[in-house]
Every structure is written in C-alpha cells, then in structure tokens.
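**Q** Kindly return the folded structure for what I paste below:
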Amino acid sequence: MAEPNERSGTARLRPRARLVGLMGEDLISDEPVAVVELVKNAYDADASDVTVSFDSEQSRIVVEDDGHGMDLDTVRTAWFELGTVQKLDARRSPGGRIYQGAKGIGRLASARLAESLLLETRTHPGADGVSVLFEWGQFDGAAYLDEIEIAWEVTEIPDLSQGTRLTLNRLRKDWSDDDFEALYSRLSRLISPFDDVGNFGIDLLIPAHTDWSGPVQPPQLLEEPRYLLRGDVDERGQFNGEIQHGREHVDFRNRRLGGVGDVFDCGPFSIEVRAWDRDPAGLDLLPARMMGMGIREIRRILDTYSGVSIYRDGFRVYPYGQRGTDWLNLDHRSRQLPVKRLANNQVVAVIRISRESNPGLRDRSNREGMVLNSEHATLERSFKEILSLLEEYRYEVRPRRKTARQQEVSLFEPFDIADGVAEARTTLGPDHSTTALITRLEEQVSSGVSQVQEVFSRLLMSAGLGQMVDMVIHEIGAPLGKISRQLVLVERALADTSDAATSQRIEPMIGSIKGWLEQLQNLRLRLDPHTAGRRGRATTFDVRDEVEDTFSLYGALLDAYGVTYQIRSPAEPIKVRMARSALSQVLANLVDNSIYWLGRASGGGKIIADARRRDSGFSVTVADDGPGVQPEDRQKIFEPYFSRKPNGVGLGLYISRLVIEPYGRLIYRDDCDLGGACFEAIFERDVGL
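**A** Residues are numbered from 1 along each chain as shown. So this is what the prediction gives:
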C-alpha cells in the first residue's frame, strides 16, 4: 500500500494465476485444437512418432513422443516460463526442423484439456528422467501466478527410454463422436501433403472407435480427385503449373498474376487444388464409387475435408481449411455463378508458404489465422485467379446437358420421353418402324426443349436485371429528394448565423455535396429510360449522343485508369428509331471491357468508338490498344460464363449478343487500327433508317 505522502515510485505487474486458464480459453478454440498443439510440440522436439491415446473411460489422454526430451534445466527454463524466447531465438530444432511453436504458450493446451498434467521426460536411455505435476485447478483461484508452487522430481522412468509423455487426467469435458471425428480430421490434415515433413508419424488410439484408431492419414478418396491443379508462384507473381483431368494435361507457363500496378508482396508459394463434381453423375465416375462406396459417404468425406488450407513449413495454419471456414468466400462466388464456380465443399486445396519466404504472412496474436494485411490480400487474390483457370477448364470439359442446374430444373421434366423410347425399343425391337419414328421424335423434342431452356434462362436473366434497375431507380429517388430538401434548410440556417468563420468553413462543403447530388441525379436520369416501362419503347435519337452518354457514364473510371477515348462519326447525324436501351447496353459492355483490360493489364490506353452508316442501318465499332483477345478465345467470348477476368461472371458479351439479335449482330474484328480488342455492333434491321 502506498504511503499517504508518496507522489512517485515504481511497481510491478503481478498476474493472477487465473490468467493461465483465461489464456488457454482465449488462445485455443476447442479441445481437438488443443491436442493438435501438443502434437506440434512433439514435432518441435524432433520426434519421429507421437501417439495420442484415450483410456477406455475417456477420462485421460496420453500424448507420448520419442523426441529429444528435456533435462531438468530445460524443464525449469522452458516449460516453467510462459512466453519463453527459446524457440524464438533458435528458430530451428536441434534436428533442423523449423519450430512450429514460437510464442511459448502452446503448453496451455493441456490446461484447456484437463485439470491435471503429469509431464515425464527423458533425454536419452540411461539418463535421469524428470517428472513434473501441474494441478491446473490451483490456477483457478485468487492467488498470484508467482505464488503457485509446482512439484518436480528427478526420477527413473522405466517405461520411457527417450522423449516426453504428457498424461492429462480428469478431462474437462466428455468427448463426443463429433469431437473424435474432428480430432482425426485435424490430425490427418496437420501435415502438408507436399511431403515437406519427413520422418514424423501420428498414431491415434481411441478404444471406443477402432475406425479412428491407428496411423493418422487422410481418406483414400482424397487421392482420387476428378480434377487436379498444382503449380508454383514465384516471387514476381508468375504462375507455372498444370491441370490434370484423367489422361489430359493442360500446362501454364510464366502466367503473370494480377494486373499492371498490382503489387505482388506476399512472397512465393505453391498450390494444389483437388476438385470434385458433387452431382451423382460426377461422383459415379470416381474409383471409390466403383469399389462400392455410397454417394452419401463420399459427400460426407468431402464435407469433412473440403476447404482451402494453408501450410507453413509443412504444418497447417489453423483454422484455414477447417470445416465451415470459407475464408476465401468460395461459396459466395459459387452462388453468383453456380454453373461455373467451384464451391468450398467441392475442393480440397492447399497453399504452401514458409516463414523465411513469406515473412509478411504473420500469425495473429491468438495463434489462429493470420494478420489480414496487404500480403494476405495478395495471397487471396492470387489463389482465386489461379482457381479460375481450373474453373474455366472444368466448365469447358463438363457436358452442358448434365450440369446440376439443368438437372434440377423440373419445369421441363414432362417433355422428357426417354423412358417411352426405351420401352418402345424393348417391346417392338430397335429396328421396328414405330421405334425409329419415336426415336426421331425424341431427338426433336430434346433439341427443342434445349432451345426453350436456353431462351427461358435468358428471359429470367433479363427480367432479373430489369427488376433490379427498376428497384434502384425507385428507391434512390426518395433519399435524394430528402437530402436536397435538407440542404435547403441547412443553407437557410447558415444564412441566419452571425458566425462568419463557421459559414466560411461550411459553405464549400455544401457546394461539394450539391455536386455529388447532381452526379447521382444525372445517373438516375441515365438509367430511367432503361426501366421496365421504357426498356422496349422505340424512340428517335442520334447515335453519337448515345455513344457520348456511355463514355460520360464511365468518366470516373476512365480518369482513374488513365484511359483516353475518341468518338468518330459522320458530320451528318445518324438518326435512328429503335429502343435506345439496346444500343446503350451493348456499348456499355464493350466500353466496360476495354476499360478493365486497359487499366488492369496495360496501365492505361486508348479507346476509339467509330459510328458509321451502312447500306441498311448503322454500326458502332469499339476498339482499344490493350492486350486484345487471344485467337483461341475468340469463339468462346460470346458463350455464357466464359471470362478471363479473375472474378468475371462471363455474361457481358453474351447478353450483348442476345440484346442485338433483333437488330443485327455483334462480331469480333482483328483488322482495327489500335491493335487490341475490337468489336463491331451492326444494327441492320428495324432501326428506322
């Protein structure tokens, strides 16, 4: 207690003993994670084998390894010191392994698991053993940490020749079947599949669950992916890898990730993605299915092991890849584009990093996950860009009529007469004239239904976009009006004030707000002609006006990406009568694509829009000096869901071609002046010329 007249001095922080329990609860999320932490300690001790065993009553856990063990000095300086710097200073174990634990708090896992811990350790056969008893219940009271006495003893340990044995008594919880399955899953995924960790095995013994007992290893199913992508990203962000699908191989060489101006700061890493089609047709092709494994069991295994894991120096960084941890938002991407994108439960993927090569990818203080800094953002972006290569390949090789979306559309099931055709072949024979007639009819119906499905999908898509625009136009009007009215009141109040300094400071702010409001009002007016009530209405307008309006709409992006543009048109206006929104939508998609590739891949550039009269109608050519479209992609770019953008939906050009069909056609040209991408929108029917 301070003396009454004291005015300065020094004091020491004295942590309460209960801090041990609090840290164990906060730093270690659950019991399976706590066991994993103890297994990682065995690896740091250069063990070649570690065994985790439960007793028959599930009241005790024993973790035993054959590592280098500890002498009394090490026990007293390492195990007795929370936050020890021993591993931090050394970085590597005596056997050369990179330490997995460097914060000196992993031992708190035992406090999370049990009320009592008996530590027994020995450095080599014939050496004295050391036994230490931790009664974690002592740490739950009001005592200070330095007041707790821990009993140790140098003694013989006959049944332990070398290594460390941790006996955890009086477990703090009853382990359920789900807990045991989670433990097996986490241990089986603890070590990297890249074979970075050699001479280290994990055995799990659970008397009540013989199926989860024995050497820990992932299920054989995970070795049988439908699609496999793997490769390396160097320090400059160039990807070299391959896709394997059956006997097919697709190679990628020196593919630059990101765009111009993107900083690749996360460091080099390796990647492997194993992917499956979860629909019955896709799962039936797996070897596991052919060996009698049921589809439900296959899906259960994929649910348990799916996700994207990060392995640093051979060990998994928790919780990346943990069940329910979709840290890359793959499910969100898949919901936006279910036909093409892979969901989190369809992939078992690993990313390999290291402390030495990736210093910016740092652990959070709670040991779960990494700091969400710029390096982490680069890693996320790069992985998704590589994953999109696999998604595009998968979309191209999968049969279109067997996609999950089409199988689930029950609206057209009444038109499926395949069963009737099969019955006719069985009853009448394959060569009967009626069978041949029904077979031809089935082919015609199937072809017609496919076309109807395609048009139906387009209509749904167009209707959805239109309703969204209608909603935005409607909902944005009210708040814009309220803001304008409130600004008038603010200006009146400001005029009545006698505080000149305040007026001088606020008036420029009001001017800025008015400018932003005007931009929003102009955007609303631009969108208004495209709402459902006006979308198909024919009006008379000048083609150049619409081209100028389109570039005006993208003014902010043009400036931001350093893109200039030029509009060419004849001296005499091209007056047309048609739905102005059709031209607007086509131009918007073309200009938007040019801006993206100029800004991302080239760091700026130029766009030329050229409007011309034709013998019947008119055309607008949009060309740029960007990277252009590769020859092998020019037939694919108009297909739905094809995109070379990392997060592209692949519908822009598809919808543009759909919109222009009543009036003409949209084509790709390779004879334009600028040398980049060049599209010509040709309107030659029903345009009033």
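
**Q** where do the helices sit along the stretch 251-400 of the chain?
**A** 280-283, 287-290, 295-305, 330-336, 374-397 (DSSP state H, counting those that start in this stretch).

**Q** Rounded mean pLDDT for the second one, please.
**A** Averaging pLDDT along helix 287-290 yields 67.

**Q** let's have the chain start at 200 instead
**A** All set: I'll call the first residue 200, so the last point we hit is now helix 486-489.

**Q** hmm, back to that, which one, of the helices of the stretch 450-599 of the chain, ends up nearest to Val329?
**A** Within those, the stretch nearest Val329 is helix 494-504; the backing value is 39.0 Å (CB to CB). The way it works is simple: take the backbone N, C-alpha and C, and place the C-beta from them, glycine included.

**Q** List the buried residues for the closest one?
**A** Ile494, Ile497, Ile500, Leu501, Thr503, Tyr504 (16 or more other CB atoms under 10 Å).

**Q** what's the answer for stretch 425-438, then?
**A** Arg425, Tyr426, Leu427, Leu428, Arg429, Gly430, Val432, Gly436, Gln437, Phe438.

**Q** which residues sit in contact with the closest residue to Gly294 other than its chain neighbours?
**A** Spatial nearest neighbour of Gly294, excluding adjacent residues (CB to CB, 6 or more residues apart in numbering): Asp245 at 3.6 Å. Applying CB atoms under 8 Å, 6 or more residues apart in numbering, we find Asp245 in contact with Gly266, His267, Ser292, Pro293, Gly294, Arg296.

**Q** can you tell me which two in these are farthest apart?
**A** His267 and Arg296, at 10.9 Å, using CB to CB across the contacts of Asp245.

**Q** Gln437 contacts Leu456, correct?
**A** Yes. Assessed by CB atoms under 8 Å, Gln437 is found in contact with Leu456 at 7.2 Å.

**Q** ok so, going back, out of the contacts of Asp245, who's the most crowded?
**A** When neighbours are counted by other CB atoms under 10 Å, Gly266 leads the contacts of Asp245 with 25 neighbours.

**Q** Spit out the contact partners of it.
**A** Contacts of Gly266 (CB under 8 Å, 6+ apart): Ala241, Asp243, Ala244, Asp245, Ala246, Gln361, Gly362, Thr363.

**Q** Show me which of those residues is closest to Arg206.
**A** Using CB to CB, those come closest to Arg206 at Asp243, 48.9 Å.

**Q** what about the residue lying closest to Gly816 once chain neighbours are set aside, how many residues close to it?
**A** Counting by CB to CB, 6+ apart, Gly816 lies nearest to Glu883, which is 3.8 Å off, once chain neighbours are set aside. For Glu883, the neighbour count with other CB under 10 Å is 15.

**Q** With Ala474 instead?
**A** Counted with other CB under 10 Å, Ala474 comes out at 23.

**Q** that older thread, surely the residue nearest to Gly816 touches Met777?
**A** No. Counting by CB under 8 Å, Glu883 sits too far from Met777 to count as a contact (11.4 Å).

**Q** who touches both of those two?
**A** Contacts common to Glu883 and Met777, judged by CB under 8 Å, 6+ apart, are Tyr862.

**Q** Over to Tyr753: give its phi and psi.
**A** phi -100, psi 20 (degrees, to the nearest 10).

**Q** Looking at per-residue confidence, what score does it get?
**A** 83.

**Q** so it touches Asp791, yeah?
**A** Yes. In this structure, Tyr753 is within contact of Asp791 by CB under 8 Å, at 7.0 Å.

**Q** Show me which of the two is the more surrounded one.
**A** Higher neighbour count among Tyr753 and Asp791: Tyr753, with 20 against 14, using other CB under 10 Å.

**Q** Could you pull up the residues touching the more buried one?
**A** Counting by CB under 8 Å, 6+ apart, Tyr753 has contacts Ala787, Val790, Asp791, Ile794.

**Q** now swap in Asn557 and tell me
**A** By CB under 8 Å, 6+ apart, the neighbours of Asn557 are Cys465, Gly466, Pro467, Phe468, Arg511, Glu574.

**Q** Can you give me the distance of the fifth one to Asp562?
**A** The spacing between Arg511 and Asp562, counted by CB to CB, to the nearest Å, is 9 Å.

**Q** For these two, work out which one has more neighbours and name it.
**A** Neighbours per residue (other CB under 10 Å) separate Arg511 from Asp562, with Arg511 holding more: 23 against 16.

**Q** any idea how far the more buried one is from Gly523?
**A** 21 Å.

**Q** try Ser855
**A** 39 Å.

**Q** for Glu745, same thing?
**A** Taking CB to CB, one finds Glu745 at 49 Å from Gly523.

**Q** who's more crowded, the two?
**A** Glu745 (19 against 8).

**Q** could you pull out the strands for the stretch 500-649 of the chain?
**A** 506-511, 514-515, 546-552 (DSSP state E, counting those that start in this stretch).

**Q** Least confident of the ones you listed, on average?
**A** Across those, strand 514-515 gives the lowest mean pLDDT, at a mean of 80.

**Q** who's in contact with that one?
**A** With CB under 8 Å, 6+ apart, strand 514-515 has contacts from Lys239, Tyr242, Gln299, Arg388, Leu389, Ile390, Ser391, Val396, Ser508, Ile509.

**Q** show me what contacts Leu527?
**A** With CB under 8 Å, 6+ apart, Leu527 has these contacts: Val507, Asn543, Glu579, Phe582, Lys583.

**Q** Now that we have those residues, can you turn them into a markdown table and tack on neighbour count and distance to Gln337?
**A** Formatted as a markdown table, the contacts of Leu527 follow (neighbours: other CB atoms under 10 Å; distance: CB to CB, whole Å):
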| residue | neighbour count | distance to Gln337 |
| --- | --- | --- |
| Val507 | 23 | 42 |
| Asn543 | 23 | 44 |
| Glu579 | 16 | 44 |
| Phe582 | 23 | 46 |
| Lys583 | 19 | 50 |
